[in-house]
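Enquirer: Need coordinates for the below:
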Amino acid sequence: MTHRRYVPHSHAHYGGNLVDGAYGLGMFGDVATEMLIHTDSDEGLFAGYSSVEFAAPIQAGDVVEATATLVRIGKRSREIEFEARVVCRSAPERGPSAADVLAEPIVVTRARGTVVAPKAAE
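Expert: This is a model prediction of the structure:
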């Protein structure tokens with residue numbers, strides 16, 4: 001399951017147009033919700049992360065792609081691996097609205113988490 005989202009400049013919190021690391025985690029929650037709708041017909045509940053790695057910064061003006069891969073199915077729990085990549089990045093040196101599609105996406109966040117489907121089929 002994959003979501004893409006443009007990161008608006010209003011989300012920059014730090015120098016250099018940096019966005020907080022929680023932005024990628026928010027995307028992971030959204031893509032996990034869609035995954036559970038497809039697999040369990042329920043939005044589910046996020047139980048927690050077993051690992052999170054911030055590999056590179058997210059910047060305002062980026063287009064970020066978040067992917068969720070189902071790796072384990074329990075009776076009610078589902079373990080998911082997540083990866084967020086920047087696929088487009090603004091290029092302000094060329095102009096205020098200039099941007100580029102990256103030849104190679106930049107991995108910005110990786111995580112592994114568990115979600116629970118309260119109404120999972122037995």
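Enquirer: CA only for contacts and neighbour counts going forward, please
Expert: Noted.
Enquirer: Show me what counts as buried in the helix or strand bottoming out on mean pLDDT in the chain.
Expert: Sorted by mean pLDDT, DSSP states H and E, the helices and strands of the chain end with strand 12-14, the least confident at a mean of 89. Using 16 or more other CA atoms under 10 Å as the test for burial, strand 12-14 gives Ala12.
Enquirer: moving C-terminal of it, what's the next helix or strand?
Expert: The first helix or strand that comes after strand 12-14 along the chain, using DSSP states H and E, is strand 18-19.
Enquirer: where's Ile73 relative to Ile80, distance?
Expert: 9 Å (CA to CA, to the nearest Å).
Enquirer: try His13
Expert: Counting by CA to CA - His13 and Ile80 are separated by 29 Å.
Enquirer: I would like the residues contacting the least confident helix or strand of the chain, please.
Expert: Under the contact criterion CA atoms under 8 Å, 6 or more residues apart in numbering, strand 12-14 has outside partners Leu18, Val19, Asp20, Gln59, Ala60.
Enquirer: Any idea how far it is from the middle of the chain?
Expert: In terms of CA atoms, centre = their mean, to the nearest Å, the centre of strand 12-14 is set 18 Å apart from its chain centre.
Enquirer: so Asp100 is in which element?
Expert: Residue-wise, Asp100 maps onto strand 99-116 under DSSP H and E.
Enquirer: Tell me the buried residues in that strand?
Expert: Ala99, Ile106, Val107, Val108, Thr109, Arg110, Ala111, Arg112, Gly113, Thr114, Val115, Val116.
Enquirer: how about the fifth one, what does it touch?
Expert: Under the criterion of CA under 8 Å, 6+ apart, the contact partners of Thr109 comprise Gly24, Val52, Glu53, Phe54, Ala55, Ala56, Phe82, Glu83, Ala84, Arg85.
Enquirer: circling back: filter the contacts of strand 12-14 down to the buried ones.
Expert: Leu18, Val19, Gln59, Ala60.
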